[in-house]
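> what shape does this take:
(one chain, ligands or ions: 1)
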Amino acid sequence: MARVFCAIDTPDLPAAEKLAASLQGVVDIKLGLEFFAAHGAAGVKKVRAAAGAETKLFLDLKFHDIPNTVAGAVRSAVSTCAPDFLTVHASGGREMMRAAVAAAGATKILAVTVLTSLDADELSAVGQGPDAAAQVLRLAQLAAEAGASGIVCSPREIALLRRELPDNVLLVVPGIRPAGSAAGDQKRIMTPQEAAAAGADYLVIGRPITEAADPVAAARGMRG
Ligand code: C5P
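Okay, here's the model as predicted:
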């Protein structure tokens, strides 16, 4: 069974704290750039305190800079927020990812490969296309070589990466929708059960939980 991170994507600190507290013992939580840009590490600490010590924190800051700067950013994030997972862009290169892993201590570094918002045309326009799957695999292999603990990937890429990467590389998968729910802006979707069966280790689920009339019940129903 895959574990679930609820993506708390809001600039509203009290709402984030309330949701995190209610999800305690049900699912883990992910905070990203929208929340971080509004409230910084102090806000993350507050949400973490509301979520309780047993809840895992995924801090999705997608660092991408020169190795020295990324290492410093990772050290700062680890010392202020102590996340369980932290993201970097694999396209920052092996040396950058190695520096991130070395600076992360017990925090697990996850690598983002190709943003799912880039289609073949956009990927070609930035000089990385048109074959998204080939680029995803290339970057995922680089990330694994550099010591990243896992890869953030779309449902469409789970089978390929599970087949090609070492078994101990975690696959963390957004783009999850329960059967019958609104896809929103997600284009490549799977149900929690399908993604878990395909080989996902963690599911990242936002709006189907956060916009539900009863988020806790929705989160319970979402565990793959
Ligand atoms: O609301 P929804 O379930 O679509 O939220 C998915 C979460 O996963 C968001 O926080 C989004 O930023 C993140 N994500 C994604 N696709 C990626 C990487 C991250 O949807 N490729």
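> what does this structure put close to the ligand?
When proximity is defined as Cβ under 6 Å from any ligand atom, the chain approaches the ligand at 7, 9, 32, 115-116, 152, 154, 174-175, 184, 186, 204-207. C-beta here means a position set from N, CA and C on the backbone, and glycine is covered the same way.
> for the top strand by length along the chain, name the packing helices and strands.
Assignment by DSSP state E gives strand 57-63 as the longest strand of the chain. In terms of contacts (3 or more Cβ pairs under 8 Å, 6 or more residues apart in numbering; DSSP states H and E), strand 57-63 is packed against strand 28-32, helix 33-51, helix 67-81, strand 85-89.
> now do that strand, average pLDDT.
Mean per-residue pLDDT for strand 57-63: 98.
> again, but for stretch 144-158
Across stretch 144-158, the average pLDDT comes to 96.
> same check, this time on stretch 170-185
For stretch 170-185, the mean confidence score works out to 87.
> check which residues of that stretch are buried.
Buried residues in stretch 170-185, counting neighbours by 16 or more other Cβ atoms under 10 Å, are found at Leu170, Leu171, Val172, Val173, Pro174, Gly175, Ile176, Arg177, Pro178, Ser181.
> same check, this time on stretch 19-32
Across stretch 19-32, burial judged by 16+ other Cβ under 10 Å covers Leu19, Ala20, Leu23, Gln24, Val26, Val27, Asp28, Ile29, Lys30, Leu31, Gly32.
> quick one: that stretch to chain centroid distance?
Computed by Cα atoms, centre = their mean, to the nearest Å, the chain-centroid distance of stretch 19-32 equals 14 Å.
> got the contact list for the strand or helix carrying Gln193?
Per DSSP states H and E, Gln193 falls inside helix 192-198. For helix 192-198, contacts defined as Cβ atoms under 8 Å, 6 or more residues apart in numbering pick out 1-2, 4, 155, 158-159, 162, 173, 176, 178, 190, 203, 205, 222-224.
> same check on stretch 155-175?
If you take Cβ under 8 Å, 6+ apart as the criterion, stretch 155-175 is touched by 2, 5, 7, 58, 85, 108, 110, 113, 116, 133, 136-137, 140-141, 144, 148-154, 176, 186-190, 194-195, 198-206.
> so which of those belong to strands?
Counting by DSSP E, the contacts of stretch 155-175 place 5, 7, 58, 85, 108, 110, 150-152, 202-205 in strands.
> biggest separation within those residues, which pair?
Within the ones in strands among the contacts of stretch 155-175, two members stand farthest from each other by Cβ to Cβ: Lys108 and Ile205, at 19.1 Å.
> more neighbours: the two, which one.
Taking other Cβ atoms under 10 Å, Lys108 and Ile205 do not tie; Ile205 has more neighbours (26 against 18).
> how about the more buried one: what's its closest non-neighbour residue?
Counting by Cβ to Cβ, 6 or more residues apart in numbering, Ile205 lies nearest to Ile176, which is 4.9 Å off, once chain neighbours are set aside.
> got the contact list for that neighbour?
Ile176 sits next to Pro155, Ile189, Met190, Thr191, Pro192, Ala195, Leu203, Val204, Ile205, Pro208, Met222 when contact means Cβ under 8 Å, 6+ apart.
> before we move on, what about Glu95?
Neighbouring residues of Glu95 by Cβ under 8 Å, 6+ apart: Pro67.
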